[in-house]
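1. quick one: sequence and predicted model below, then my questions.
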Amino acid sequence: MSTYFVSQTSMNSIIRSTGIVALATLASRILGFLRDMLMASFFGASGTTDAFFVAFKIPNLFRRFVAEGALTISFIPVYTEYLVNKGRDEALELAQKTLTLQIVALIFLIGLGEYFSPEIVKLFAIGFKDPSLLSLATDLNMIMFPYLFFVSLVAFAMGVLNSHKYFFAPSFAPVLLNVGIITGIIFLSRFFDQPLHGVAIGVLLGGLLQVILQIPYMIRAGFKMKISFDFNHPGMRRIFRMLGPALYGMAIYQINSLIITILASFKEKGSISYLYYSDRLTELVLGVFIVSIGNVILPEMSKLTATDDLDKLKKLYIQSMSGALFLAVPATVALMGLGYPVISVIYLHGKFTPFDAEMTQLALFYASLGITAVSMLRLTTPTFYSLKDTVTPVIGATMALVSNTVLGYFLMDTGLKHAGLMLALSISTTLQVVFLMIMLRRKIGRLGLKKLFIATMKFLAASLVMLLVCHFIARLIDWDSARLWLRALVLMAIVTAGGLVYALSCFILKVEEMQYVYRRLKR
């Protein structure tokens, strides 16, 4: 494994940082599952839940577009370069100017979002035929749209704090969002004729808590809030130059998401909810591990490009990619082969029926096909951004948009129904990441993909052995009728046995990641 590592010291630092982010994100995902269990139990999968998820998707789409997307893409590389080459004081001054502009832009954007809320909702749910559902979605969107302000501040804080190697607060923030939503489901919903209004207010509560958590860490990093307009600042000009392509790239990505929602709105009631619930399960893997690695390595890659050390950049890229696939491949195999037991335990109770579980499982199967591609994409795209290349990811995203739209339109009218949209997304994401890896090789030279391919084949072989064992355990009970505690107990047995079998198989196959874990445990 030493041939993969950039250096033992730097890699240990990256692993520790990734571990912090992963543990915090895991806590968020666990609470997120509790949140989804409560949503499924209290509200099921119906037209009203479709309305809520459409309304909730809108500020989240703008969040990824404005905050976690364009801002992070353009801000972090420039901020990190200032931190490395010009010192902390000049970097923090740049952060002040960036935040000032961000706040003004957010106030303007939220004002537009509130005013045009009915039109925005109609765009997202053009297939809704029931006027009452459109009205409900509009009301919910107007309540939740200001969440964009809070979450954008958190995204800005993440950019600053991660560059200063403070990873806990930004990664723990989603835990507080889930706390707010759970509070809305259990408590606030009781005070409204339409209980989902209480859930929407819980979203705002969670956003406020997220911001409050960042403040002491930002102070520790040396940041002081100061209104400072200076569009002629060299750092701001560089951010603006990167911002245009970044905005376009993120717009393409979010249009992709919008198209799926629009197409699903034409299908049977509950289709949007099925896609949401399946997406939450795939995001468990992507959110806990893959995004954790991505959040950590973008500042690290930006530092390497700031010092023109492309050899270390390539080693870091391949090492991170191998670590991501070490987790993504078994997750893909497990969710495709054993998705129903997971859905049964998390969602199948209260108003969520076996039919809803079956429809969610269908979507999950085809969504899982794309986990590996998404994992690779979320590590490949930041590599281009660290190289200050925002154009190539835009071309890849445009290709994905076209292929996803065409494939989704045709596949959703087959026997796959709503799941056809997930298959289209998986295929288009795979095409996108293949294109980007080819372009990255042209840009920085040979990447060492042969070793990565061999490692992936080992991951796949170990995953198939794991699946056989887990499938045998899964056949012990009826996942529709068994008591919830029994289903949960058997699922825990499946997860435990699967993890042990996968780890043992990887060790036998001499997987470098597993041997590294073994050496660390032995020490």
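-> Perfect, I can see it now. Residues are numbered from 1 along each chain as shown.
2. count of neighbours near Val434?
-> 16 (other Cβ atoms under 10 Å). Heads up, the C-betas are built off the backbone N, CA and C, glycines and all.
3. same deal with Phe410?
-> Look at Phe410: counted by other Cβ under 10 Å, it has 10 neighbours.
4. now it: which helix or strand?
-> Phe410 belongs to helix 391-411 when assigned by DSSP states H and E.
5. hmm, who's touching that helix?
-> Contacts of helix 391-411 with the rest of the structure, by Cβ atoms under 8 Å, 6 or more residues apart in numbering, involve 245, 248-249, 252-253, 255-256, 259-260, 263, 381, 384-385, 420-421, 423-425, 427-429, 431-433, 435-436, 439-440, 443.
6. which members of those are classed as buried?
-> Among these, those classed as buried by neighbour count (16 or more other Cβ atoms under 10 Å) are 245, 248-249, 252-253, 255-256, 259-260, 263, 381, 384-385, 420-421, 423-425, 427-429, 431-433, 435-436, 439-440.
7. now do the buried residues in stretch 119-138.
-> When burial is assessed from 16+ other Cβ under 10 Å, stretch 119-138 yields the following buried residues: Ile120, Val121, Phe124, Ala125, Phe128, Leu133, Leu134, Leu136, Ala137, Thr138.
8. what is the rounded mean pLDDT of that stretch?
-> Across stretch 119-138, pLDDT averages out at 87.
9. what does it rub up against?
-> 47-48, 50-52, 54-55, 57-58, 113, 117-118, 141, 194, 196, 258, 261-267.
10. contact partners for Met422?
-> Taking Cβ under 8 Å, 6+ apart as the contact definition, Met422 lies against Leu275, Ser278, Ala363, Leu364, Tyr366, Ala367, Leu369, Gly370.
11. mind listing what the first one touches?
-> In this structure, Leu275 makes contact with Ile260, Thr261, Ala264, Ala363, His418, Leu421, Met422, judged by Cβ under 8 Å, 6+ apart.
12. also the fourth one?
-> Contact analysis of Leu364 by Cβ under 8 Å, 6+ apart lists Ser278, Leu281, Thr282, Leu335, Gly339, Ile343, Met422.
13. picking that back up, which of the contacts of Met422 ranks first by neighbour count?
-> Within the contacts of Met422, Ala363 tops the neighbour count with 30 neighbours, counted by other Cβ under 10 Å.
14. now it. Its backbone dihedrals?
-> When read as degrees, to the nearest 10, the backbone of Ala363 gives phi -70, psi -40.
15. isn't it up against His418?
-> Yes - counting by Cβ atoms under 8 Å, Ala363 touches His418, with 5.9 Å between them.
16. which neighbours do these two share?
-> With Cβ under 8 Å, 6+ apart, Ala363 and His418 have common neighbours Tyr274, Leu275.
17. quickly list the domain ranges of this structure.
-> Domains of the chain are assigned by automatic domain parsing as 1-41+270-523, 47-266.
18. hmm, back to that, got the contacts of Leu364 as TSV, with pLDDT, distance to Ile103 and secondary structure columns?
-> Shown next, in TSV, are the contacts of Leu364 (pLDDT from 0 to 100; distance: Cβ to Cβ, whole Å; DSSP: H, G, I helix; E, B strand; the rest coil):
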residue	pLDDT	distance to Ile103	secondary structure
Ser278	88	36	helix
Leu281	85	35	helix
Thr282	85	33	helix
Leu335	93	40	helix
Gly339	91	42	helix
Ile343	93	41	helix
Met422	91	37	helix
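19. tell me the pLDDT of Phe145.
-> pLDDT recorded at Phe145 is 95.
20. quick one, phi psi at the nearest residue to it once chain neighbours are set aside?
-> Leaving out its chain neighbours, the residue that sits closest to Phe145 by Cβ to Cβ, 6 or more residues apart in numbering is Gly113, at 4.6 Å. Note on Gly113: backbone dihedrals following degrees, to the nearest 10 are phi -60, psi -40.
21. ok, the one 3 residues further on next?
-> Note on Phe116: backbone dihedrals following degrees, to the nearest 10 are phi -100, psi 20.
22. how close does it get to Leu362?
-> From Phe116 across to Leu362, the span is 35 Å (Cβ to Cβ, to the nearest Å).
23. which one's more surrounded, these two?
-> Legend: neighbour count by other Cβ under 10 Å for Phe116 and Leu362, higher for Leu362 (21 against 12).
24. check contacts around the nearest residue to that one once chain neighbours are set aside.
-> The shortest distance from Leu362 to any non-neighbouring residue, by Cβ to Cβ, 6+ apart, is to Ala419 (4.3 Å). Contact partners of Ala419, counting by Cβ under 8 Å, 6+ apart, are Leu362, Ala363, Phe365, Tyr366.
25. Leu423 is in contact with the last one, correct?
-> Yes - with contact defined as Cβ under 8 Å, Tyr366 and Leu423 form a contacting pair (4.1 Å).
26. which residues are in contact with both of the two?
-> Counting by Cβ under 8 Å, 6+ apart, the shared contacts of Tyr366 and Leu423 are Leu416.
27. how confident was the prediction at Asp89?
-> Listed pLDDT for Asp89 reads 85.
28. pLDDT weak spots in the stretch 251-400 of the chain?
-> Where the stretch 251-400 of the chain drops to pLDDT under 70, the residues are 251-254, 257, 285, 287-309.
29. what segments of it are strands?
-> For the stretch 251-400 of the chain, applying DSSP state E, counting those that start in this stretch gives no strands.
30. low-confidence ranges in the stretch 101-250 of the chain?
-> Along the stretch 101-250 of the chain, the model assigns pLDDT under 70 to residues 244-250.
31. on that earlier part again, so which bits of the helix holding Phe410 are buried?
-> Of the residues in helix 391-411, those with enough neighbours to count as buried (16+ other Cβ under 10 Å) are 392-397, 399-401, 403-405, 407-408, 411.
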